[in-house]
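Novice: sharing a model prediction with you, sequence too.
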Amino acid sequence: MASLRGPVPDSTGSKPPHGVLEISWWRRVADHLATGFAVVTVVLVLAPLVAIFGYLVYKGIGSINLAFLTQIPKPPGELGGGMANAIAGSVLILAIASLLGVPVGIGAGIYLAEYGRNRFGDSIRFVSDVLNGVPSIVIGIVAYTIVVLRQKHFSALAGGVALAIMMVPTITRTTEEMLLLVPNVLREAAYGLGVPRWRTTLSIVLRTATSGIITGVMLAFARVAGETAPLLFTAFGNQYWNWRVDQPTAALPLQIFTYAISPYDDWHRQAWAGALVLIVLIVTAVAAVRFAVRRGTLGGVA
Amino acid sequence: MANQALPRPRLTGPQPIVGREVRNRLNPLVKSSDGVVADRVFGWAILACALVVLGILALIVWQLVARSQLSWQAFGWKFFGGQDWDPVNDHYGALPFVYGTLVSSLLSLVIAVPLAVGVAVFTTEMCPKWLRGPLSFTTELLAAIPSVIYGLWAIFVLVPILRNFVQPFLATTLGWTGLFEGPPFGIGMLAAGVILAIMIIPIISSIAREVLSVVPQHQREAALALGATRWEMIRLAVLRNARAGIVGGIILGLGRALGETMAVTMVIGNRPEIAKSLFAPGYTMASVLANEFSEAAGDLYLSALIEIGLALFLVTIIVNALARFLVWSVTRGQPARTRA
């Protein structure tokens, strides 16, 4: 009963005070049933989470070894080999995606927060919400038609473009939200000192909101880091090392997918190892930035 | 004049800045070169970024429409009514994929909605305060797992469980409905529905939680004061007020389920057939793209696949717009959550 947020029915708990009609038994039962149902749903929802993480760690830890992290894949059916080229490929593709997507996303966010309090701003807000909901595989198709068809072959660039398109709407909306949290007093103070508008936006407003914006960028990054669907026919995958932007490139999620649906036990083992590496990369990237931002090492003022 | 006779007023407030040191500190911000031109350039650059967002959507629509023309001219509306998917003879009908997408998504909603709403009600109305933070954090964590990892887990853990325990049980108890018959492969429509449900629960429950928490506190107080039990209070005062927003969250989850690719592709069985039984393998619009797009040799084949992509795009846009409108109508005025 103490868990109720509002006032509790009365101070003696579930017993009604004197002179008030008793709560009938079926209303009591319904109340208890509802509570029980809610508790059961929580357990049912948490169960798969625990199962996924537990199984991932259990299978993954046993499967990671030095070869996995340093070697490229062996031919089908042969034991051993690793996903080093896929990890490197993911880094390459994500770097391209961030280079393309982050500046545009932040810029659009600044526009919405500082200049976009009008109908045009609303339409951009709506469009970025819509983009957020577009299935990733559809974005893959578009990256295919605008990059792959033009280049005539799959490439890391195409994968990067697809992921960049997915990053932009998330970053735009978080940046806007964060900039709107910056008190207007700061802007007015800057104008009062004769600081021009662009300088105010970049050096005062953006700087104040740095930590929030970085968190938003990391969220977008974590979201696209595990994306597989848009890479299937853009980056395509590669059995060998590749550092060239215009060549097919392996990526960690792609490799996990290929290995998971393969018939080889050793590849299944490596899929689990890859999944663990992927989730660890995502979680540490996000956690590290959050930590750095909180400690102020990245210059966030907030 | 009398005024001139007065002594000079003493300044007591903030002093004007004259010192060299202070001016130096301001220097990086105020320079004589700053001015209208720089402001205008910055404004245009920022506007360009915003226009890129519009441009991306326009590009998506234009590419999808232009590249699917070939298929549209060949089949017209019959494309979505045809059951044959035959790349060898260049004849395409997308009905099995549309069917698979709809059935797997609806199945996932049937499983996910009661659970997600239950969790949201528990976190906002019943949960002890110390548990509230960790609980919402853990449900958010479910949303951060990449879909390929869900698929991996589903192949090696969920599918065996379904095959060995759940499907035999369903077949004996509910087999008469015709929905649960045939050999229990594990892989199939049911597995796809379950894994989708696990993936959309965090979306629905986080929106529902947000919506429930904006229901005014005095609504709850009023219901309790009238003698309602806690459940009656939740049902009459909380859920009823938040109805539209919860429906919005559900539709948002539907949007995610419709477009979800990897996990579904890994467990649905990938066979373009329409079967009544949920045990049978199926195929969705997103998974056919994932499986066949990079191997599509002919122009018409590619065009047919892109037309499926266009249909998927249009459906998810409509669904998402509807959802946002409903959520907006409840949490109006508050900024949209980015994770939504």
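Specialist: Yep, that arrived.
Novice: any weak-confidence spans in chain B?
Specialist: B:1-34, B:331-340 (pLDDT under 70).
Novice: could you pull out the strands for it?
Specialist: Taking DSSP state E as the test, the strands found in chain B are B:85-86, B:91-92.
Novice: show me what the helix or strand containing residue A:164 is packed against.
Specialist: Secondary structure from DSSP states H and E places residue A:164 in helix A:156-181. Here helix A:156-181 touches helix A:84-110, helix A:119-133, helix A:136-143, helix A:210-225, helix B:36-67, going by 3 or more C-beta pairs under 8 Å, 6 or more residues apart in numbering or on different chains; DSSP states H and E. All C-beta spots, glycine's among them, are computed from the backbone N, C-alpha and C.
Novice: can you give me the buried ones in that helix?
Specialist: A:156-180 (16 or more other C-beta atoms under 10 Å in any protein chain shown).
Novice: residues in contact with residue B:73?
Specialist: Shown in contact with residue B:73 (C-beta atoms under 8 Å, 6 or more residues apart in numbering or on different chains): no residues.
Novice: starting at the chain centroid, how far to stretch A:37-45?
Specialist: 26 Å (C-alpha atoms, centre = their mean, to the nearest Å).
Novice: can you get me a residue count around residue B:218?
Specialist: 11 (other C-beta atoms under 10 Å in any protein chain shown).
Novice: so who does it touch?
Specialist: Residue B:218 neighbours (C-beta under 8 Å, 6+ apart): none.
Novice: surely residue B:117 meets residue B:204?
Specialist: Yes. Counting by C-beta atoms under 8 Å, residue B:117 does reach residue B:204; the two are 7.4 Å apart.
Novice: those two: which has the busier surroundings?
Specialist: residue B:204 (28 against 23).
Novice: what angle sits between the helix holding residue A:164 and helix A:119-133?
Specialist: Here helix A:156-181 runs at an angle of 130 degrees relative to helix A:119-133 (axes from the mean of the first three to the mean of the last three C-alpha atoms, to 10 degrees).
Novice: and the helices and strands packed on helix A:156-181, which is most packed in?
Specialist: helix A:136-143 (a mean of 28; mean count of other C-beta atoms under 10 Å in any protein chain shown).
Novice: that one near chain B at all?
Specialist: Yes. Contact of helix A:136-143 with chain B (C-beta under 8 Å from any C-beta of the partner chain) involves A:136-142.
Novice: output the contacting helices and strands for that helix.
Specialist: Helix A:136-143 packs on helix A:156-181, helix B:36-67, helix B:240-259, helix B:285-292, helix B:299-331, going by 3+ C-beta pairs under 8 Å, 6+ apart.
Novice: picking that back up, quick one: which of the strands of chain B is nearest chain A?
Specialist: Closest approach to chain A among the strands of chain B is made by strand B:91-92 (16.0 Å; C-beta to the nearest C-beta).
Novice: give me the contacts around that closest one.
Specialist: B:71, B:75, B:79, B:82, B:84-86, B:300-301, B:304.
Novice: out of the residues you listed, which comes closest to residue B:322?
Specialist: residue B:79 (24.5 Å; C-beta to C-beta).
Novice: run through the residues that contact the closest one.
Specialist: Counted by C-beta under 8 Å, 6+ apart, residue B:79 has contacts B:71-72, B:92-94, B:304, B:307.
Novice: got it, and residue B:294?
Specialist: A:154, A:232-233, A:236.
Novice: farthest pair within these?
Specialist: Farthest pair in these, by C-beta to C-beta: A:154 and A:232, 9.7 Å.
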